[in-house]
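>>> Based on what follows, work out the 3D shape:
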Amino acid sequence: MSASLPRFVPLGSRPQGPDGILSAVLDDVRTTLRVAWVDSTLRALADEPIFLSAAWAATRPNVTRSFAAGAERLQREAVEAARRTLALDDRTAWLEERYGAAEREHLLRTAQSLHHAAARVYLVVQTWATLARRQTIAGTGREEAPARRGVPSWQEGLVGVPHTVSEEAEALIDVATIALALNATPSSLQAVAAWPHLLEHVVSEVRGAVSSPEWVQSVNGLRRSAAEILRALPHPMALQWDVLERKGLTEERRLVVADYLTAATASMPANTLISAAVWIGVGAPDLPAEF
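Below you'll find the model as predicted:
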């Protein structure tokens, strides 16, 4: 399994049977996190279904009010960091010159969903990377109600990566990934690949900021916050490696998964910042009230 992130594969494209169970797990990830699509960072682990199922079973009980509050904290910090480090402005007038009303509405909803999802994906990816390294998360022991579940209706029809991506967009995504010195492409760049004008603007700003002390400070701040949020979750998280090994997850495959998730975790601060930048670029619209 490569450290670079795969292209989006729609749910339901796999046959039933064992893969049908896997699709049910991925759909539960989507509805529990309240996101329109399963991020390609997580979806890549469909290649390792034994780990994916076990890791999600360990994580799911901790999608509580603390998890939701922590994700909202990361969102706020990402917005503040994006505004501090990037020369961003409201691009709505600029976008109106390039896209019709229906396309702008699609972009708006995608940006809202992307910004909402990025922090949640960050927390799950960091959790799974910790588990894949045979480490545990202790949990606070407090009892908490689960967070609200179910994908809101306004996110219906949205996908994480367009079915076709232009060569121009592919090149911009590669340029940004290299500039960020990452081994895993931020999925937020893939999500806006259908709008190359906006993608070009965001990539340009990121390339200009990535070597600045402010960018490094912002990335490190998000990393610290994510670690603090995971320590504040109520339930302990660990995997029964002897059981997983008997099911077929060898030590060699565990190391592959751990390496992949370590690379993915390294991309998460940038992914969250870019998601915030895209949201700001379309006018920083509030999430619909049903959230």
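>>> ok, the closest residue in space to P49 that isn't next to it in sequence to A44 distance?
In this structure, P49 finds its nearest non-sequential neighbour in L22, 4.9 Å apart by CB to CB, 6 or more residues apart in numbering. Placement of C-beta: from N, CA and C, glycine included. Taking CB to CB, to the nearest Å as the measure, L22 falls 13 Å from A44.
>>> Give me the residues contacting the lowest-mean-pLDDT helix or strand in the chain.
Least confident helix or strand of the chain, by mean pLDDT, DSSP states H and E, is helix 92-96 with a mean of 77. With contact meaning CB atoms under 8 Å, 6 or more residues apart in numbering, helix 92-96 is reached by 104, 107, 195, 197-198, 282-283.
>>> 10 Å instead?
The contact list for helix 92-96 (CB atoms under 10 Å, 6 or more residues apart in numbering) reads 103-104, 107-108, 195, 197-198, 201, 281-285.
>>> what's the residue nearest to P49 in contact with, if anything?
Counting by CB under 10 Å, 6+ apart, L22 makes contact with 14, 45-46, 49, 52-53.
>>> List just the nearest of these to S267.
Proximity of those to S267 (CB to CB) peaks at L45, which lies at 14.9 Å.
>>> Quick check: that closest one touching V257?
Yes - here L45 lies in contact with V257, judged by CB atoms under 10 Å, at a distance of 7.1 Å.
>>> Once you drop chain neighbours, what's closest to F67?
Spatial nearest neighbour of F67, excluding adjacent residues (CB to CB, 6+ apart): A147 at 5.8 Å.
>>> Which residues are in contact with the one you found?
Taking CB under 10 Å, 6+ apart, we find A147 in contact with 32-34, 62-69, 71, 120.
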